[in-house]
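[1] give the three-dimensional model of this entry:
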Amino acid sequence: FIVGSFPLFMGFACLGMALYSEHSIKFSSLRNSLITLFSLMNGDVLLETAREIQNGLLGELYLVAFMCIFAFAIMSVFVSIIQDAYASAKRQTNSSVIQKGSETSFGVLRPTVSSVDA
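    Just a heads-up that it's a prediction; the model follows:
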């Protein structure tokens, strides 16, 4: 997942640096651009960044495209992966508890009655 989304994130960072490095210190270098986009993805500096780049329709389109792709789509996929991992771990824990049904909480086996003993 990270390997697949990183080139897109890097592309937005390079585009932001190419378009807005003269207008904003937030996009003055690749490092600053990456940090700004990460902050945008978390919803931290959205209005401040939108005011700084002030490049008309292109600036608004850049921010809206980034937010739609990353904050909504990619973050929801990431959350889905985490939820799936949690559900899988919970199922695995429940199945191991069921398999250990003949043990007590102290790990001592309880005697069971078999058809041979009866």
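
[2] Ser95: how many residues sit nearby?
    10 (other CB atoms under 10 Å). Every C-beta, even on glycine, is put in place using the N, C-alpha and C of the backbone.

[3] got it, and Ile53?
    Neighbour count of Ile53, defined by other CB under 10 Å: 20.

[4] same question, the one 3 residues further on
    Residue crowding around Gly56 was assessed by other CB under 10 Å; the count is 8.

[5] ditto for the one 4 residues further on
    The burial count assigned to Glu60 is 13, neighbours taken as other CB under 10 Å.

[6] next up, phi/psi of it, please.
    Note on Glu60: backbone dihedrals following degrees, to the nearest 10 are phi -70, psi -40.

[7] surely it meets Thr49?
    No - if you go by CB atoms under 8 Å, Glu60 and Thr49 don't touch, sitting 11.3 Å apart.

[8] average pLDDT for the biggest helix by length in the chain?
    Ordering each helix of the chain by length in residues (DSSP state H) puts helix 75-99 first. Mean pLDDT, computed over helix 75-99, is 82.

[9] same thing with stretch 56-65?
    Mean predicted lDDT for stretch 56-65 stands at 83.

[10] list the buried ones in it?
    Neighbour counts over stretch 56-65 (16 or more other CB atoms under 10 Å) mark Gly59, Tyr62, Leu63 as buried.

[11] in JSON lines: those, plus distance to Ile53 and secondary structure.
    Formatted as JSON lines, the buried residues of stretch 56-65 follow (distance: CB to CB, whole Å; DSSP: H, G, I helix; E, B strand; the rest coil):
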{"residue": "Gly59", "distance to Ile53": "4", "secondary structure": "helix"}
{"residue": "Tyr62", "distance to Ile53": "7", "secondary structure": "helix"}
{"residue": "Leu63", "distance to Ile53": "8", "secondary structure": "helix"}
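
[12] go through those residues and name the one nearest Ala71.
    Using CB to CB, Leu63 is the member of the buried residues of stretch 56-65 that lies nearest Ala71, at 10.4 Å.

[13] which strands or helices does the helix or strand Val64 falls within pack on?
    Using DSSP states H and E, Val64 sits within helix 56-66. If you count contacts as 3 or more CB pairs under 8 Å, 6 or more residues apart in numbering; DSSP states H and E, helix 56-66 packs onto helix 2-20, helix 30-41, helix 46-53.
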